[in-house]
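>>> pasting the sequence and the predicted coordinates here, then a few questions.
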Amino acid sequence: MTESPPTWSALFKDDWNSFCSSTSLAAVDSPAAYLQALYRFALEVEGTGQGTAAKITLARRRPMLKDLLVDAENTTRQLPLLALVNETLLEPVKAYLKKNRDIYGDSTVEQVLAELRYPFALPFDLAHRQCVLGLGDKKPGLGELNYRISLKLPCSQQPENKYGTVLQEAYVAQRLLTLLSPAQQNLLTEDIGAPQALHDPAAFYKKHYGHEQPITGQQQFMQHTGLNSLQLQELLASASFRPRLSANVVQTADQMSQDHTVGARFINGPHHKGQKNLALGNDTTAAVHLLNTSLERHDRLQRMIRLQRWLDIPYADLDTLLYSARACEGSAKEPILINDNSLRALGVFGYLRRRYGITPETFGAWLYQMPVHGVGHTPALFDRVFNPPHGSGSALTLDNRRLDLNTDAATLYQVCAALGLEDTPQSLGLLTARSHKHLKGLRRDLATFSSFYRQATLPALFGLTLQDADHLAQLLGGEDYRLQLVSPNLRPSGSNVPADFLDVLMQLDWAVTWFKGSGTDVQQIRRHLILDGTAPPSRVQLRLRQLEEVLHGMQQYLLPQATLAALDLPQPEAGARPLGYTWGVLLAKGLLRAQSQLPIETRPGSLEKGLAYMIDRYVNLSTDVERNLALKSAVKLKLNPLVADAYARLLQFRQVLEQLFKQTSTASETSELLRQGCRQGARIFANALGSETPQEILKHLLLYLPDAETDLQLPLERTALHAFLLNPHWLDHEQPASAPLKLALSTLYLFERFHHCSHAYGVQQPALLNYLQLANTSGQSEDLTAQTCQQLSVLLGWSISEIEVLANRLPEKRVRSMAELDWLMRCHDTARQTGLSASMLLMATRLTATFSSDDWTRVGNAILAALPSTSTQPVADRPGSDHV
């Protein structure tokens, strides 16, 4: 046998009874013993040594250390530096609150810190700060969560403001985008110079400045506000920070009166006649003081100082942003107030700055006008854009003269060069055409050139051409949104409708994000939707011509004009709106609306009801209400006897429809789909009758023709398209099951999301259709709800409990359509990004910007708990972190 190699245990016989584990209390080399010895040594050192300053003892630095239980856990567990800092600071604060219970009651430290306003580091909201820090590092932050999982998306092609709404209105989400806590926002928006402050000014100054008397001395003011001399000069827009008017701008008297406080408009408002601006000056003792102060101006000063620190925006730029938001409301001549619109503007700006890197000057110019004042060595934005140092030729001057780019070649060249435009109909031509339409005449003034700047730079931010941005705005909200790009406005503060400039920006951001994620662009979407100015594929053009021929031939199935003329029907009186359709077309529309399937036998009275509906809705014969009703009743009496004959003629059109779909159908088409095509075809042709743009209506029928998924380049299989044609409510439950599926932006979006779901989750399209069929089973039962949640859990790889939490927010407590499934997928993606559960994700969208609640604490704790445990960097040491 081979002897074992030499080892310690083989060579030396240790007495293991003389040893113990390092975790034992008896161990002299354990971490606990080391800490105990280190603590004793620190106390000995404190008793020795000499110095000129008072000693900061260990008992003062770590008061809890003497009571710490030294065991294995406390010697090995890692703690963030923030926890140690808070522990050190909270204990004396708790003792202070306990001593002054008569003042603070039973308020916690966190509650008191959120209420106090001095020193200027306060108010501090711990829960809010946890949310901000925990949702950093490329995660969707406060407010952005509301947009990520918005119940409605801006694809309805209507100028509405539902995007960003989950459990709060969209304007709340925009205020949350500021990343300011409720206490901070309340401080900014409460009444300036409120009656309570005027009644007890000492209390106001004590609360906000830590001193019962107004502070005007420069040194004392800087000490109480934490400013240095340069920051104070910047705040007051004085000395080297005094704004300089561009030499290329000729101001009117009205503009000069508005700009006399430029750079410090907010802190100097409201300006009264003869009142001087805030400034620094010497008194009789040669000491420097803050001059021309008042309680209201002190109030404005403390708000501006805090807001600048919170947002980290230079004072001049911040002042311009506040002024621009006020002017965008239509209140350029009124004192600047920080209201709901101000915070919404700051929130949307903050979001765009984090996402796209936009500057405050640019955003302010979008809201109102380009700055024409420079600060220090920096020229005004107007000069930097239109009169750059390297530019050749004469300077572009704003002298308020009329502007005609067709005859002023020099200015045309300067505008094109400055804004990166081309002298083409799609570039500069489109810009000038829109400006002529929406502005009150083009002049060489700030309003005109600010609009030029806005129209050119806004598309560039989103990576769009000027024409693409125009088309996209038209697609999202029609002419209302196009107007916002030329001449923006903000709705009255505190409301959520109508959609305004800030909402349009957020909706544009959604659209370009979707385009990028789905690999498409504006022009491709327009081609899919067969919009004006696009050339569809030749096969689609052939189909459209075929449909237009059918529509043209439909005239022969209407009542002859001679028959209707013999009735001597009333005509619109003077002042009344002209008839939109002929009586024959109106009659046919009413009959097809009542009986779209064109059955031989009709329900009694249905034809008359269809006719009455069309007359009541589209006919106006007199400006007098009672006479109008009487005249319309007379029309109904004369036309009712003809409805049977008119319907009999329309029955012949049924054969035309059947022939149309039989000629274009394939053997695989189901009889049910053919019936659906005929039924919806009758409705669509009825809608197109008498229309000035029939193609816009007829194009919806392309979806019902064979090979539509190929011709229209739809991202789904033929069987899936047929399922949605037969069941349009499977796509969006807000669409009635009997309604025709339309070739619209929302349809394309949901088709793409159907494809995305199949691709991203590895689910076959037939499996998704089977789920939608199950979810739309008639009746409501707990078993059906549980079954749908269980099947979704398998399809998406997400827990049933999480899906149930979200499904409970839906009208029928289950996911029934692709639109609702898309919302669930967006919630799933956001939950994975943030690490939040479904319930916490919903709670985060329920947070308000005006008051703190227990929800803030719950969400803050959940966000911190979701942070990766592998991170060894203390929270307090991370860039941008704050602690108390």
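Cool, the structure landed.
>>> okay, CA-based contacts and neighbour counts for the rest of this
Noted.
>>> hang on, residue 346 in a strand?
No: under DSSP: H, G, I helix; E, B strand; the rest coil, residue 346 sits outside any strand and is assigned helix.
>>> surely it touches residue 178?
Yes: under the criterion of Cα atoms under 8 Å, residue 346 makes contact with residue 178 at 6.0 Å.
>>> just for the protein, where's the confidence low?
In the predicted model, the chain carries pLDDT under 70 at residues 1-3, 23, 25, 72, 663-670, 869-884.
>>> domain assignment for it?
In terms of domains, the chain is parsed into 8-76, 537-706 (source: automatic domain parsing).
>>> tally up the residues packed near residue 354, please.
11 (other Cα atoms under 10 Å).
>>> longest helix in the protein, by residue count?
Within the chain, and with DSSP state H defining each element, the longest helix by residue count is helix 643-664.
>>> may I see the buried residues of the helix or strand following that one?
Using DSSP states H and E, the helix or strand that follows helix 643-664 towards the C-terminus is helix 671-688. By neighbour count on 16 or more other Cα atoms under 10 Å, the buried set for helix 671-688 is 673-688.
>>> now do stretch 293-313
293, 295-308.
>>> try stretch 603-617
Within stretch 603-617, the residues that count as buried by 16+ other Cα under 10 Å are 607, 608, 609, 610, 611, 612, 613, 614, 615.
>>> quick check: the first one is in a strand.
No: counting by three-state DSSP, residue 607 falls outside a strand, being helix.
>>> show me the strands in the chain, by range?
Secondary structure of the chain by DSSP state E: the strands cover 244-245, 279-282, 288-291, 373-374.
>>> name the residues that touch the last one?
By that I understand strand 373-374. The contact list for strand 373-374, computed with Cα atoms under 8 Å, 6 or more residues apart in numbering, reads 243, 244, 245, 246, 379, 380, 381.
>>> looking at neighbours, which among these is most surrounded?
residue 243 (24 neighbours).
>>> nearest residue to that residue in space, please, no chain neighbours.
Excluding the flanking residues, the one nearest residue 243 by Cα to Cα, 6 or more residues apart in numbering is residue 375, at 4.9 Å.
>>> please tell me how far the one you found sits from residue 234.
According to Cα to Cα, to the nearest Å, residue 375 stands 10 Å off from residue 234.
>>> roughly how far does residue 472 sit from residue 522?
Distance from residue 472 to residue 522, by Cα to Cα: 6 Å.
>>> the more surrounded of those two?
Neighbours were tallied for residue 472 and for residue 522 using other Cα under 10 Å; the higher tally belongs to residue 472 (25 against 20).
>>> contact partners for the nearest residue to residue 135 once chain neighbours are set aside?
Take residue 135 and drop its neighbours on the chain: the residue closest to it by Cα to Cα, 6+ apart is residue 141, 5.2 Å away. Contacts for residue 141 (Cα under 8 Å, 6+ apart) come out as 131, 132, 135, 177.
>>> tell me which residues in the longest helix of the chain are buried?
For helix 643-664, burial by neighbour count (16+ other Cα under 10 Å) applies to 643, 646, 647, 649, 650, 651, 653, 654, 657, 658, 660, 661.
>>> touching, the third one and residue 591? I think so.
Right, the one you point to is residue 647. Yes: with contacts counted by Cα under 8 Å, residue 647 reaches residue 591, the gap being 6.7 Å.
>>> how much space between residue 218 and residue 713?
70 Å.
>>> which of the two has more neighbours?
residue 218 (20 against 12).
>>> would you mind measuring from the residue nearest to the spatial centre of the chain to residue 351?
In the chain, the residue lying closest to the centroid (Cα atoms, centre = their mean) is residue 506, at 4.1 Å. From residue 506 across to residue 351, the span is 9 Å (Cα to Cα).
>>> again with residue 400
Taken as Cα to Cα, the span from residue 400 to residue 351 is 35 Å.
>>> more neighbours: which of the two?
Neighbours around residue 400 and residue 351, counted as other Cα under 10 Å, are more numerous at residue 351. The numbers are 21 against 17.
>>> nearest residue to the more buried one in space, please, no chain neighbours.
Spatially, and ignoring its direct neighbours in sequence, residue 351 is nearest to residue 177 (6.3 Å; Cα to Cα, 6+ apart).
>>> check residue 328 too.
Spatial nearest neighbour of residue 328, excluding adjacent residues (Cα to Cα, 6+ apart): residue 489 at 5.0 Å.
>>> gap between the one you found and residue 475?
19 Å.
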